[in-house]
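Peer 1: Fold the following, please.
(chains A and B)
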Number of protein chains: 2
Amino acid sequence: MPVPAQALFFDVFGTLVDWRTGIAREAERALRPLGHELDWIAFADAWRGEYQPSMEEVRAGRLPFCKLDVLHRYNLERILPRFKIEGVAEEVLADLNLAWHRLDAWPDVARGLARLGKKFLLAPCSNGNISIMVDLARRNGIVWDAILGSEIAGDFKPKPRVYLAACAAFNLPPRECMMVAAHSRDLKSAAACGLSTAHVARPDEYGPATGEAGPIVPVDVAASSLEQLADKLGV
Amino acid sequence: MPVPAQALFFDVFGTLVDWRTGIAREAERALRPLGHELDWIAFADAWRGEYQPSMEEVRAGRLPFCKLDVLHRYNLERILPRFKIEGVAEEVLADLNLAWHRLDAWPDVARGLARLGKKFLLAPCSNGNISIMVDLARRNGIVWDAILGSEIAGDFKPKPRVYLAACAAFNLPPRECMMVAAHSRDLKSAAACGLSTAHVARPDEYGPATGEAGPIVPVDVAASSLEQLADKLGV
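Peer 2: Got it, this is the predicted structure:
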C-alpha cells in the first residue's frame, strides 16, 4: 500500500457470510413444511443466479435504484416456477425473502473484524441494503462503524459511485481506504477508483473448491482469512 | 405507545453529546496558541447560532444538500470576524472544524445505549453527517446498528423525509420506531411522521437550567437520562 488505510470496506455476500448453505437451509425451513421436496442447494444457486442480472437492470439505467430486498423478492418469484412451486402464501414468501438477513458468517469473521476494528474504521460496502447488513451484523456479532454500500450510493457495485460514496461518507480520499473482498472483479473496480485492495480467499463459496483460491487481479494484500488479514495489516 | 418500538433513533447534538463545552474547549485549544483571548463559550454559542439558519437554506431549497461538516465550515468563517479573528491558517481552520467530531457524551449515554441496544435497534437520526457520528461513537464508546439521519436522507430535520428515511432503512413502519431527543420540536415532527417519541431532559444544554427540563409537546415517554429511559422501556 502506498498510503496506510484509515478505513476498511467489506464485501459481504461470499466474503463475510456463507449465503449458499444459509439460503438452502432457510428455503428448506420455509418450503418443506408445505410439502416441497427439492435440491435446496440448487434453489439457493438459482436465486443467487438472478442477482447480477437484476442489478444490471439498475446499473444500466433501465430500472430506478431499489434496495436489494426488493430485487431479491422479484428474483424469488422468477425462480419459483422452475422448481414447480406455486400458491405459496404471501406471508411465507415475505419471510423467505428475509433469508438473506439470516446468513451465518465464515468462522474467522467475528474475531477478525474485532481485531481489525482496533486499528481501522470498518464498514460493509455491499450491494445489500442497510437492513440486511444490520441483521447480519446482529446475528454474527459484528460491530460496524457505519453501514455504507449500495443503499447510500443509490447504485450497485461495481459502479464507481458505490466505492466513492463509501469513502466520502468517512471524509476520506480513496487512497486512504481499502476494499476487502473475495471477488477479484470487486477489487479491480475498487482499485480503479483509487482504493487499495485486499483479497480474502473463500474457495468454497459456491461449493468445495469453486471460489477464488486467490486474487486474479493485482491486489495490495492477499489473505486466507480475516485473521490473517489482521496479521498482515499489523493489527 | 400503541405499538412496541423495534428501533430507537437518537438526536445527537444536545441529546447525547455536550456540544457547548466541547466546542469551547476545542476552539480554545486551536486559537489560544495563536494569541487569541476571548469568551470561548460565547464562541461556541455563536458557531451553534448559525446552525439552524444555515440548514434552513437547504430545507427551503435555496441551497442543495451538503453534509453538516460543510455548513460548519461556512458558519465558522462567518463568525470569526465577530471575534476579530483573521489570518488563521487553512490547516488550523480545517482541524477546528472537526471540533464537532470531538465532543463528549453526557455521562449516562454509553451505559444507557448499551442497555437499550439489548432490546432495540439503535441509530442516530441527527443532522450531523456520517463521519461526525462515527467519530463521536468511537470517542464515547457507542455502538450503533447503522448511521442514519440527514446524510442518507439528503435533507435536514425537522423535514419529514429525514425521519421517514431512517424508518425505511430499517425496513420498519414509523409506528414501530421511536425518536429520542431533548428537543420538543424534533419530537413533534417525528410524531407527525408516525413515530413514537421519548423526551430526555438535558436542562443544561445551553448552560445551567437553560435547556428543556421536560417536553413541551405530548410524548410517549419522558425521562431524565438514557438509563431512566431504559428502565421505562423495560430493558
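Peer 1: Please, where are all the helices along chain A?
Peer 2: Counting by DSSP state H, chain A has helices at residues A:19-31, A:40-49, A:51-59, A:68-79, A:90-97, A:109-116, A:130-140, A:150-153, A:160-169, A:184-192, A:226-232.
Peer 1: closest to residue B:169 out of the ones you listed?
Peer 2: Closest to residue B:169 of those, according to CB to CB: helix A:130-140, at 4.4 Å. Placement of C-beta: from N, CA and C, glycine included.
Peer 1: Is that closest one in proximity to chain B?
Peer 2: Yes - shown here: helix A:130-140 in contact with chain B (CB under 8 Å from any CB of the partner chain) through A:130-131, A:133-134, A:137-138.
Peer 1: swap in stretch A:141-154?
Peer 2: Yes - using CB under 8 Å from any CB, stretch A:141-154 reaches chain B at A:143-148, A:151-152.
Peer 1: out of these, which are buried?
Peer 2: Neighbour counting over those (16 or more other CB atoms under 10 Å in any protein chain shown) leaves A:144-148, A:151-152 as the buried ones.
Peer 1: ok so, going back, and the helices of chain A as CSV, adding mean pLDDT?
Peer 2: As requested, the helices of chain A are exported to CSV (pLDDT from 0 to 100):
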stretch, mean pLDDT
helix A:19-31, 98
helix A:40-49, 98
helix A:51-59, 96
helix A:68-79, 98
helix A:90-97, 98
helix A:109-116, 98
helix A:130-140, 98
helix A:150-153, 98
helix A:160-169, 98
helix A:184-192, 98
helix A:226-232, 98
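Peer 1: Skip the chain neighbours and tell me the closest residue to residue A:226.
Peer 2: Residue nearest to residue A:226 in three dimensions, not counting chain neighbours: residue A:112, with 2.4 Å by CB to CB, 6 or more residues apart in numbering or on different chains.
Peer 1: and the one you found, how many neighbours?
Peer 2: Neighbourhood size, residue A:112 [other CB atoms under 10 Å in any protein chain shown]: 25.
Peer 1: Hmm, residue A:224 and it touching each other?
Peer 2: No - in this structure, residue A:112 is not within contact of residue A:224 by CB atoms under 8 Å, at 11.0 Å.
Peer 1: Report the buried residues of stretch A:35-50.
Peer 2: Applying 16+ other CB under 10 Å to stretch A:35-50 flags A:36, A:40-41, A:43-48, A:50 as buried.
Peer 1: coming back round to it: if you compare the helices of chain A, which one is most tucked away?
Peer 2: With neighbours taken as mean count of other CB atoms under 10 Å in any protein chain shown, the helices of chain A reach their highest mean count in helix A:150-153, at a mean of 25.
Peer 1: Just the CA coordinates for it, please, in PDB.
Peer 2: What follows is helix A:150-153, C-alpha atoms only, in PDB (Å, rounded to 0.1, in the frame of the first residue of the first chain):
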ATOM      1  CA  SER A 150     -25.400   0.400  -2.300                       C
ATOM      2  CA  GLU A 151     -28.200   2.000  -0.400                       C
ATOM      3  CA  ILE A 152     -26.400   5.200   0.500                       C
ATOM      4  CA  ALA A 153     -24.900   5.300  -3.100                       C
END
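Peer 1: Against which helices or strands is that helix packed?
Peer 2: For helix A:150-153, the packing partners by 3 or more CB pairs under 8 Å, 6 or more residues apart in numbering or on different chains; DSSP states H and E come out as helix A:160-169, helix B:150-153.
Peer 1: Tell me how far it lies from the chain's centre.
Peer 2: 13 Å (CA atoms, centre = their mean, to the nearest Å).
Peer 1: One more: stretch A:72-86?
Peer 2: That offset, for stretch A:72-86, works out to 21 Å (CA atoms, centre = their mean).
Peer 1: Not counting it itself, show me its contacts.
Peer 2: Residues outside stretch A:72-86 that contact it (CB atoms under 8 Å, 6 or more residues apart in numbering or on different chains) are A:31, A:36, A:38, A:43, A:46-47, A:49-51, A:54, A:88, A:93-94, A:96-97, A:100.
Peer 1: can you list the domains in chain A?
Peer 2: Annotated domains of chain A cover A:7-18+A:104-232, A:19-101 [automatic domain parsing].
Peer 1: got a markdown table for those, with distance to residue B:205 too?
Peer 2: Shown next, in a markdown table, are the domains of chain A (distance: least, CB to CB, whole Å):
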| stretch | distance to residue B:205 |
| --- | --- |
| domain A:7-18+A:104-232 | 26 |
| domain A:19-101 | 36 |
